[in-house]
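[1] The following comprises the amino acid sequence and a computationally predicted model.
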Amino acid sequence: MGKAKIKLDKELMVKVKRFADMAGYSSPEEFVTHCLEKEISKLEKSDSEEEIKKKLKGLGYIS
């Protein structure tokens, strides 16, 4: 699978770099990939599209 680029605001990127380093990840990209995989895994366990939307709203990803 190819790689895609995602833009993050500067403040968030500073946090990503700091926490990736603290947690021992080899790169910020590895840390972000792991975080996204965990969140997607949680969403995949949901029973319905409505449940997924509800969770995404709760996380502030959609309104």
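    Perfect, I can see it now.

[2] alpha carbons only for contacts and neighbour counts from here, please
    Will do.

[3] element containing residue 12, please.
    Assigned by DSSP states H and E, residue 12 belongs to helix 10-23.

[4] quick one: average pLDDT of that helix?
    In this model, helix 10-23 has a mean pLDDT of 97.

[5] From the structure, what's the count of residues near residue 20?
    18 (other Cα atoms under 10 Å).

[6] Ok, residue 31 next?
    19.

[7] what helices or strands is the helix or strand harbouring it leaning on?
    Using DSSP H and E, residue 31 sits in helix 28-44. Counting contacts by 3 or more Cα pairs under 8 Å, 6 or more residues apart in numbering; DSSP states H and E, helix 28-44 packs against helix 10-23.

[8] repeat that for 10 Å
    Using 3 or more Cα pairs under 10 Å, 6 or more residues apart in numbering; DSSP states H and E, the elements in contact with helix 28-44 are helix 10-23, helix 49-59.

[9] Columns distance to residue 39 on top of these, output as TSV?
    Formatted as TSV, those follow (distance: least, Cα to Cα, whole Å):
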stretch	distance to residue 39
helix 10-23	16
helix 49-59	10
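
[10] quick one, which of those helices is nearest to residue 35?
    Residue 35 lies closest to helix 10-23 among the helices and strands packed on helix 28-44, at 10.4 Å (Cα to Cα).

[11] Can you point out the buried residues in that closest one?
    16-17, 20 (16 or more other Cα atoms under 10 Å).

[12] Which of those residues sits closest to residue 36?
    Distances from residue 36 to the buried residues of helix 10-23, taken by Cα to Cα, are shortest for residue 16, at 12.5 Å.

[13] Alpha carbons only: can I get the helix holding residue 12 in PDB?
    Extracted as PDB, the C-alpha positions of helix 10-23 are listed here (Å, rounded to 0.1, in the frame of the first residue of the first chain):
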ATOM      1  CA  LYS A  10       2.100  22.900  14.100                       C
ATOM      2  CA  GLU A  11       1.100  22.700  17.800                       C
ATOM      3  CA  LEU A  12      -0.300  19.100  17.300                       C
ATOM      4  CA  MET A  13       2.800  18.100  15.400                       C
ATOM      5  CA  VAL A  14       5.000  19.200  18.300                       C
ATOM      6  CA  LYS A  15       2.900  17.100  20.700                       C
ATOM      7  CA  VAL A  16       3.100  14.100  18.300                       C
ATOM      8  CA  LYS A  17       6.800  14.300  18.100                       C
ATOM      9  CA  ARG A  18       7.200  14.700  21.900                       C
ATOM     10  CA  PHE A  19       4.900  11.700  22.700                       C
ATOM     11  CA  ALA A  20       6.300   9.500  20.000                       C
ATOM     12  CA  ASP A  21       9.800  10.100  21.400                       C
ATOM     13  CA  MET A  22       8.600   9.500  25.000                       C
ATOM     14  CA  ALA A  23       6.800   6.300  24.100                       C
END
